[in-house]
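**Student:** sequence first, predicted model second:
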Amino acid sequence: METAKILMVSTFYPPYHLGGDAIHVKYLADELSKAGHEVHVIHSLDAYNLKKNEKKHENDADTEHIYRLKTELGAISAAGSYIIGKNRSADRLVEKVCSEIKPDWIHYHNISMLGCGVLNKGKSKKIYTCHDHWPFCQRNDYMKFGEQICDEQNCLKCSIKSHRPVRIISTNQIMSEIKRVNAIIAPSKYMQNMLSMFGTESVLIKNFVPRPTENVNSEGNSHFIYTGVLEKHKGLEILINAYLKSKSDAELHILGDGSLRENILKMSDKGIKYLGFLPRSKLIPEVASSLCMAAPSICGENSPLSCIEALSVGVPLVVSPNGGLPELAENCGIISEPNDDDFASALIQIYSNNELRGKMSHNALMKYEKEHSPEAFMKQYFSVVEAMI
């Protein structure tokens with residue numbers, strides 16, 4: 001493909017981010033740049049300041065082709081965008097950048113706090129990646145009252161009981177806007193089925209992570225590992241109870257941040273070690289030396305990068321059957337019901353069966369190469385682009 005100009009539009013972008021969606025945008029931008037393309041990124045500082053409840057001032061170093069949305073209303077503007085689905089400032093910024101750089105295509109990611117209006121800006125061909133449940137859930141996680149996977153569409157009642165602002169823009173309105181783009185990417189079969197359930201066709205391109213360049217020696221203190229937000233819907237309490245019930249000699253290492261952080265800090269005498277956030281240079285060796293990556297989510301995960309990082313260094317997965325997790329763990333992990341007894345049994349099996357763990361490790365590396373490597377992703381991505389333009 002000839003050298004192209006690409007505009008990425010995302011609510012969050014590193015270092016101003018909270019989760020894997022923004023990291024994916026960074027990974028993709030890096031791969032496109034390596035291929036010789038010129039990548040521009042629009043993201044919202046207002047949204048970051050809202051979610052972090054703080055005002056973080058941007059560092060102007062190394063910001064070429066980065067456009068940050070920062071308005072006088074700040075966090076209020078971002079919250080309003082989520083509720084009504086419109087953000088005039090975001091619309092104007094996208095129009096301005098498109099007019100200046102004339103991108104060959106625009107790739108939209110998480111636009112929950114930029115408003116649906118950005119999807120209509122610019123004359124270039126457009127791609128949208130569905131990173132989470134935002135198009136069809138006011139909570140973003142498709143959890144009824146934050147307690148169980150949604151089995152009915154009663155969004156008003158759920159928002160009130162969950163203490164969330166009621167979204168004025170409807171799911172039908174959001175999906176109608178998304179359908180206007182030229183191509184929609186689903187990172188998992190699960191998300192592809194969700195989009196189909198709401199009347200939208202998509203192409204499956206599984207998430208990727210860069211090849212590890214760090215020292216990935218798997219020797220070291222054997223431990224189980226969890227990386228992600230420290231919240232109930234991630235099944236973290238189930239994992240902790242299961243670990244304690246397993247009575248394993250291996251430690252449980254927990255990385256991330258969230259409302260359960262203080263509870264975890266109190267368990268250091270029970271073999272549970274909290275490591276906070278680690279840079280990738282330290283994260284990958286930490287993952288590589290683990291027995292397994294645990295993901296006991298009670299919500300419908302899409303395609304978490306933490307699990308793919310584990311696959312990239314041959315670490316098996318122990319996951320719940322929810323969302324896209326079983327797709328990642330097929331032949332290279334254990335799929336366990338998210339309850340204390342079953343998850344404890346899975347941890348014991350991983351800990352005690354070296355032969356099984358070795359086989360799963362081999363399969364994990366093969367799965368990464370075939371389905372989740374940069375090369376696998378970019379080949380499919382460029383196929384979508386070429387068919388579109």
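**Tutor:** Sure thing, it's come through.

**Student:** so how far is Ala250 from Glu355?
**Tutor:** Distance of Glu355 to Ala250, given as CB to CB, to the nearest Å: 17 Å. Every C-beta, even on glycine, is put in place using the N, C-alpha and C of the backbone.

**Student:** between these two, who's got more neighbours?
**Tutor:** Per other CB atoms under 10 Å, whichever of Glu355 and Ala250 has more neighbours is Ala250, with 18 against 7.

**Student:** measure that one to Cys292 for me?
**Tutor:** 10 Å.

**Student:** residue ranges for the helices of the stretch 1-150 of the chain, please.
**Tutor:** Using DSSP state H, counting those that start in this stretch, the helices found in the stretch 1-150 of the chain span residues 20-34, 45-52, 75-84, 88-101.

**Student:** returning to that earlier point: mutual contacts of Ala250 and Cys292, please.
**Tutor:** Residues touching both Ala250 and Cys292 (CB atoms under 8 Å, 6 or more residues apart in numbering) are Phe224.

**Student:** ok so, going back, from the helices of the stretch 1-150 of the chain, which stretch is densest packed?
**Tutor:** For the helices of the stretch 1-150 of the chain, the largest average neighbour count (mean count of other CB atoms under 10 Å) is found in helix 45-52, namely a mean of 22.

**Student:** contacts for that helix, please.
**Tutor:** Contacts of helix 45-52 with the rest of the structure, by CB under 8 Å, 6+ apart, involve 11-12, 16-18, 55-56, 58, 68-71, 73-75, 77-79, 81, 113-114.

**Student:** alpha carbons of that helix, in CSV - could you do that?
**Tutor:** Only the C-alpha atoms of helix 45-52 are listed here, as CSV (Å, rounded to 0.1, in the frame of the first residue of the first chain):
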residue,chain,number,x,y,z
LEU,A,45,-8.2,15.8,27.8
ASP,A,46,-11.6,16.8,29.1
ALA,A,47,-12.7,13.1,29.3
TYR,A,48,-9.5,12.1,31.0
ASN,A,49,-9.9,14.8,33.6
LEU,A,50,-13.5,13.7,34.2
LYS,A,51,-12.7,10.1,34.7
LYS,A,52,-9.6,10.7,36.9
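
**Student:** tell me the angle of that helix relative to helix 20-34?
**Tutor:** In terms of direction (axes from the mean of the first three to the mean of the last three CA atoms, to 10 degrees), helix 45-52 departs from helix 20-34 by 140 degrees.

**Student:** between helix 45-52 and helix 75-84, how big is the angle?
**Tutor:** 90 degrees.

**Student:** dump the residue contacts of the closest residue to Leu305 other than its chain neighbours.
**Tutor:** The spatially closest residue to Leu305, leaving aside those adjacent along the chain, is Gly20, at 4.2 Å (CB to CB, 6 or more residues apart in numbering). Neighbouring residues of Gly20 by CB under 8 Å, 6+ apart: His131, Asn207, Pro304, Leu305, Ser306.

**Student:** Throw the helices of the stretch 1-150 of the chain into CSV and include distance to Asp341 and mean pLDDT, thanks.
**Tutor:** Conversion of the helices of the stretch 1-150 of the chain to CSV gives the following (distance: least, CB to CB, whole Å; pLDDT from 0 to 100):
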stretch, distance to Asp341, mean pLDDT
helix 20-34, 29, 96
helix 45-52, 35, 91
helix 75-84, 39, 92
helix 88-101, 48, 97
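
**Student:** where does this structure have low pLDDT?
**Tutor:** Applying pLDDT under 70 to the chain flags the ranges 53-63, 214-215, 217-221.

**Student:** quick check: domain ranges of it?
**Tutor:** The chain is divided into the following domains under automatic domain parsing: 5-208+374-388, 223-372.

**Student:** ok, Gly19 - how many residues close by?
**Tutor:** Counted with other CB under 10 Å, the neighbours of Gly19 add up to 17.

**Student:** buried set for the lengthiest strand in the chain?
**Tutor:** As assigned by DSSP state E, the longest strand anywhere in the chain is strand 38-44. For strand 38-44, the neighbour count (16 or more other CB atoms under 10 Å) marks Val39, His40, Val41, Ile42, His43, Ser44 as buried.

**Student:** helix 88-101 and that strand, what's the angle between them?
**Tutor:** Going by the same axes, to 10 degrees, strand 38-44 is angled at 170 degrees with respect to helix 88-101.

**Student:** how about residues contacting strand 38-44?
**Tutor:** Residues from elsewhere that reach strand 38-44 (CB under 8 Å, 6+ apart): 3-13, 16, 22, 25, 29, 32-33, 65-70, 78, 90, 93-94, 97, 101, 103, 113-114.
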